[in-house]
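What follows is a predicted structure for the sequence shown.
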Amino acid sequence: MNDVSLREQSIVLIGFMGVGKTTIGKAVAKKLYRDFIDIDEEIEKKYNMPTSEIFNLYGERIFRQTEKDMIIDSCKQKLKIISVGGGAFLQDEVREACMSHCIIFFLDLSWDSWKERISLLIDSRPVLQGKNIDQIKQLFYNRQPIYEEHHSRVVTDNLPVDEVADYITESLKTAWDIYEPN
């Protein structure tokens, strides 16, 4: 059981790669005066190389283990905004740690909106390497069920970053007022 008050729980942003977890997470962190943690960036710092190189040199298994350890550690911290990689929720332990210690927002972007971003993402995302558009579409839809465990879904199609960040911030403040009034 979580003994951290609702107002102090960290916020986790989940969703498919490239939906805007980092950009939106930074905006939410600024609005709530919290520190922002991008798990992928933290892994890159630890290995001192981009994610794609970590995958090539060490393999996905090592990457996922490091990712799991960092997320579980981060989830136990208070007052953070945490962006987790698109594949992190494939791991049961990661999902369980996030669900039991944090408030999870699923950033839901439609396939049609997401594929407009593909040219910006293809080079930096190891799991997209060597895949054609149909294979990527299949990966997108195969991953959607893993994001179903969350506390709140935010449909982000055609919304500016600030609007999504405001929505998340306002819904948190509403929940805090309802469940933990001052």
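That came through, no problem.

Low-confidence stretches in the chain?
1-2 (pLDDT under 70).

how does it look with 50?
By pLDDT under 50, the low-scoring segments of the chain are 1.

And the longest strand along the chain, how far out from the chain middle?
Counting residues, the longest strand found in the chain (DSSP state E) is strand 102-108. The chain centre lies 7 Å from the centre of strand 102-108; the measure is CA atoms, centre = their mean, to the nearest Å.

Secondary structure element holding residue 71?
Per DSSP states H and E: residue 71 is located in helix 60-75.

How about residue 102: which residues does it bridge to?
residue 10 (DSSP bridges).

can you pull the contacts of it?
Neighbouring residues of residue 102 by CB atoms under 8 Å, 6 or more residues apart in numbering: 9, 10, 11, 12, 75, 82. Where you see a C-beta, it was placed from the backbone N, CA and C, and this is true even at glycine.

thinking the first one is in contact with residue 99, fair?
No. Counting by CB atoms under 8 Å, residue 9 sits too far from residue 99 to count as a contact (11.2 Å).

Looking at these two, which one has more neighbours?
A direct count of neighbours by other CB atoms under 10 Å for residue 9 and residue 99 places residue 9 higher, at 20 against 17.
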